[in-house]
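Student: quick one: sequence and predicted model below, then my questions.
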Amino acid sequence: MRKIGALAAAILVAAMLSGCGSLPVSPSRSASATPTETSSATEDALAQETAYYTALRKQLPQTDLSNAGLWIDLGRAVCKAFDDGLTPKEVFDSMSGGAITQPEASAVVVISGIHLCPEYAPTP
């Protein structure tokens, strides 16, 4: 299971080094959803991504976040790792130490849990 977080970090590093655009990760959508439900789900996903990215910018003012799609994809990969049973510490450990600094990894893990997959948000 730890390999998933390491894979997400490796994909991010490869994408950052290659200068490519966003990774091919998108919010999951139900195939049987009606157009209204799909539209609502798309709007909800966009609102989540906007809140996540805004929070990242506030938390990491010195980090180059100009490729928003890459950071959003990384946050979605964090949610996928949570879905697969990894703990926040395991996800953090798999991300930090490469192209992502420890403060960046920490911010992505926490802010993803709050905004992109709130079912994993830390409880106060």
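Tutor: Here it is on my side, so go on.
Student: isn't residue 82 right up against residue 118?
Tutor: No. Using CB atoms under 8 Å, residue 82 is not in contact with residue 118; the gap is 11.0 Å. C-beta here means a position set from N, CA and C on the backbone, and glycine is covered the same way.
Student: those two: which has the busier surroundings?
Tutor: More neighbours surround residue 82 than the other of residue 82 and residue 118, with 22 against 12 (other CB atoms under 10 Å).
Student: enumerate the positions of stretch 111-123 that are buried.
Tutor: Across stretch 111-123, burial judged by 16 or more other CB atoms under 10 Å covers 111-117, 120.
Student: lowest pLDDT pick from the residues you listed?
Tutor: Lowest pLDDT among the buried residues of stretch 111-123: residue 120, with 87.
Student: is it true that that one touches residue 82?
Tutor: Yes. Counting by CB under 8 Å, residue 120 does reach residue 82; the two are 4.6 Å apart.
Student: which neighbours do those two share?
Tutor: Common neighbours of residue 120 and residue 82, using CB atoms under 8 Å, 6 or more residues apart in numbering, are 88, 113.
Student: now, the buried residues of stretch 111-123 that are in strands?
Tutor: Judged by DSSP state E, strands contain none of the buried residues of stretch 111-123.
Student: any chance of TSV for those residues, columns distance to residue 47?
Tutor: Shown next, in TSV, are the buried residues of stretch 111-123 (distance: CB to CB, whole Å):
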residue	distance to residue 47
111	14
112	15
113	16
114	13
115	9
116	11
117	14
120	18
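Student: which one of the residues you listed is nearest residue 78?
Tutor: Nearest to residue 78 out of those is residue 112 (CB to CB; 4.1 Å).
Student: OK, contacts around that closest one?
Tutor: Listed by CB under 8 Å, 6+ apart, the contact partners of residue 112 are 52, 74-76, 78-79.
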